[in-house]
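**Q** sequence unavailable; structure follows:
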């Protein structure tokens, strides 16, 4: 058997060897150690060297606290100490209040005004905020560009002198609707230039119709003259970022100015073949020879070497950046355009209503020599 090791002055974790004091029945050496906490402790030397015994016992409370499932907290309402599971603090955010009663007391104080973490402006109950929120959500659902704020609504009310834009009846606070001149479902933008404030009756009766369609109804309750209204609803105000809004702006230019400048524009019409439809309506129109890829507008007047003019409207964002870039047309539109050109028709792509006006004037210039 080898000589026993001398542990005098050697440190093992928190224990420092002092002297050997005996042995166990199976001849294991027992030593006296000084602990860092100031106490003395006797332990088997083998257990101390292997790390099974690290202190006189003062390390145990720290180990328990380190691996305990509960954490000591102090209630923010009553100041009472209590313990909460770590998992509850991490997943549910508990640990601020010791009971539901204290939680109710704390929330009644903390959740008011600026103390509420969700507090923004304090105007969620107002008519203006509710109108802004509803319009914003509807614009997102219909993928319409732009945003209308409470400031825009307040400015519109002041400009209209708190009267309905269409019929002129007074509209008090909370008794008006935000009406889009070109409905969002028809491609209009959610911008202030496409917005007027009307009474609920006018807005519900107009629904998603255009101004011309609404005024053509015998039951239209609007009192403003259409000629006067046309001066306010200029193409610049109607045009937005969508293809439909620019086609509507071009139609407004035709109604206001184009027909006086070019009388033959009475023979121009739209071909509604690209709108969103239900499957049943699409099947019925397909049975009526409505084809995909046909351009949006057709001017049935010959000019120069052409039998007529087809205009395909596209939104400004699809304008090609280079002369060799894609023109934004689908494969069906390109094939149909090639067939129409082969039959002697002019086919032009316009990326806004001003380009459509320029195309019409160019085509009319060819007609002079016809």
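**A** Now that the structure is in, tell me what you want to look at. Please read these numbers as outputs of a predicted model, since none were measured by experiment.
**Q** okay, strands next: where are they in this protein?
**A** In the chain, the strands defined using DSSP state E lie at 11-12, 15-23, 29-35, 40-44, 70-74, 81-85, 177-180, 195-198, 268-270, 297-299, 309-313, 346-350.
**Q** residues touching residue 42, list them.
**A** 21, 30, 31, 32, 33 (Cβ atoms under 8 Å, 6 or more residues apart in numbering). C-beta coordinates here come from the backbone N, C-alpha and C atoms, glycine included.
**Q** could those be laid out in JSON lines, adding pLDDT?
**A** What follows is the contacts of residue 42, written out as JSON lines (pLDDT from 0 to 100):
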{"residue": "21", "pLDDT": "90"}
{"residue": "30", "pLDDT": "90"}
{"residue": "31", "pLDDT": "90"}
{"residue": "32", "pLDDT": "91"}
{"residue": "33", "pLDDT": "92"}
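**Q** any chance of a ChimeraX selection covering the buried ones in these?
**A** ChimeraX command restricting the contacts of residue 42 to the buried ones, with burial defined by 16 or more other Cβ atoms under 10 Å:
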select :31,32,33
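**Q** circling back to that earlier point, out of the strands of the chain, which comes closest to residue 258?
**A** strand 268-270 (8.5 Å; Cβ to Cβ).
**Q** so how far is residue 198 from the closest residue to residue 142 other than its chain neighbours?
**A** Spatial nearest neighbour of residue 142, chain neighbours left out: residue 184 (4.7 Å); criterion: Cβ to Cβ, 6 or more residues apart in numbering. Residue 184 sits 15 Å away from residue 198, going by Cβ to Cβ, to the nearest Å.
**Q** ok, the two, which is more surrounded?
**A** residue 198 (23 against 20; other Cβ atoms under 10 Å).
**Q** show me what the more buried one is bridged to.
**A** residue 177 (DSSP bridges).
**Q** OK, contacts around the closest residue to residue 350 other than its chain neighbours?
**A** Distances taken as Cβ to Cβ, 6+ apart place residue 356 nearest to residue 350, at 4.0 Å, with adjacent residues excluded. Listed by Cβ under 8 Å, 6+ apart, the contact partners of residue 356 are 246, 247, 250, 297, 311, 313, 350.
**Q** does the residue nearest to residue 142 touch residue 178 like I think?
**A** No: look at residue 184 against residue 178 with Cβ atoms under 8 Å: they stay out of range, at 10.9 Å.
**Q** what residue ranges in the stretch 51-200 of the chain score low on pLDDT?
**A** 65-68, 87-94, 108-122 (pLDDT under 70).
**Q** change it to 80
**A** 62-72, 77, 84-96, 104-129, 131, 172-174, 186-187 (pLDDT under 80).
**Q** where exactly do the helices run in it?
**A** Assigned by DSSP state H, counting those that start in this stretch, the stretch 51-200 of the chain shows helices spanning 60-67, 86-92, 100-110, 127-141, 150-159, 200-206.
**Q** and the stretch 201-350 of the chain, by the same measure?
**A** 211-215, 226-232, 235-238, 243-253, 259-261, 279-287, 331-342.
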